[in-house]
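S.K.: Quick one, fold the following:
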Amino acid sequence: MIQFKFKKVTGEDELKEIFTLRYKVYCEEWGFEKPSEHPGRREFDEFDKHSIHFDALEEDTNQLIGTVRIILNSEKGFPIERHCKINTKLSHTKRDKIGEISRLAISKVYRRRLEDHFTYETITKSYQDLPKVPYDRRRRQEIVIGLYKCIYVESKRIGLTHWYAIMGQGLFLLLQRMGIAFKSIGPEINYHGVRKPYVGHVEEMEKTLSKENPELFKEFAGELNSY
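M.R.: Sure, this is the predicted structure:
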């Protein structure tokens with residue numbers, strides 16, 4: 001069974017690998033970004049300098065297989081505020097307590113068909129029709145969960161209380177099934193496919209996760225305690 005490891009990225013060479021993986025996923029495989037706008041076959045933007053990046057690696061080979069980032073508050077603002085019409089603003093929350101989760105990318109070699117379906121495509125199934133996400137490590141979405149653990153631990157470490165995210169319905173429902181709850185805060189837009197703006201409250205997520213998926217919550221808490 002292939003084992004994975006997850007960590008925060010600190011080196012420039014690691015970032016270059018991440019940008020290359022994002023190019024493959026976002027430009028070549030799904031056409032979300034134009035290749036002509038990313039010379040050197042690396043996908044990056046102005047928010048990367050204001051972000052904390054995480055990667056997923058195959059444990060035996062140290063090969064990069066996945067990534068995600070948290071965009072922190074800066075003079076650039078947040079992408080969600082540029083691209084979406086938000087009907088619920090966090091006006092009573094300090095800007096430095098907010099981060100935006102984005103650029104989730106998983107190597108095609110390691111993506112399951114289910115992960116493709118939920119993460120990148122537009123789905124039409126209702127919440128009730130979706131399969132229950134099991135705790136069984138052999139069948140669950142290990143890479144997505146591992147990257148979200150990193151987001152959670154780092155958010156707690158630096159004091160983030162809220163997460164913004166622009167997601168397709170599939171990823172939103174997949175996370176919801178795991179117990180990682182977000183709330184819709186605006187209408188759908190065409191941004192890397194059909195997407196909607198969401199917000200997650202870290203403290204409320206902890207309560208929901210501990211109630212609906214206690215085994216997974218133990219993992220999240222264990223990562224936090226061992227940090």
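
S.K.: Please count neighbours and contacts with C-alpha atoms only from this point.
M.R.: Will do.

S.K.: what does stretch 215-227 contact?
M.R.: Here stretch 215-227 makes contact (CA atoms under 8 Å, 6 or more residues apart in numbering) with Y135, K149, Y152, V153, E206, L209, S210.

S.K.: ok, so of those, who is nearest G99?
M.R.: Y152 (11.0 Å; CA to CA).

S.K.: on that earlier part again, for the contacts of stretch 215-227, which one is nearest T20?
M.R.: Distances from T20 to the contacts of stretch 215-227, taken by CA to CA, are shortest for K149, at 23.0 Å.

S.K.: Tell me the spacing between the closest one and F217.
M.R.: Per CA to CA, to the nearest Å, K149 is found 10 Å from F217.

S.K.: In helices, which of the contacts of stretch 215-227 fall?
M.R.: Among the contacts of stretch 215-227, the ones falling in helices (DSSP state H) are K149, Y152, V153, E206, L209, S210.

S.K.: And the residues you listed, which of them are buried?
M.R.: Neighbour-count burial (16 or more other CA atoms under 10 Å) is assigned, among the ones in helices among the contacts of stretch 215-227, to K149, Y152, V153, E206, L209, S210.

S.K.: Run through this protein and note the low-pLDDT ranges.
M.R.: Applying pLDDT under 70 to the chain flags residues 111-140, 226-227.

S.K.: Which stretches in it count as strands?
M.R.: With strands called from DSSP state E, the chain shows them at 4-8, 51-58, 64-72, 98-106, 162-167, 183-184, 189-190, 194-201.

S.K.: Format those as JSON lines; extra columns: distance to F78.
M.R.: Conversion of the strands of the chain to JSON lines gives the following (distance: least, CA to CA, whole Å):
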{"stretch": "strand 4-8", "distance to F78": "21"}
{"stretch": "strand 51-58", "distance to F78": "11"}
{"stretch": "strand 64-72", "distance to F78": "7"}
{"stretch": "strand 98-106", "distance to F78": "7"}
{"stretch": "strand 162-167", "distance to F78": "9"}
{"stretch": "strand 183-184", "distance to F78": "17"}
{"stretch": "strand 189-190", "distance to F78": "16"}
{"stretch": "strand 194-201", "distance to F78": "12"}
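
S.K.: I appreciate the help and will end here.
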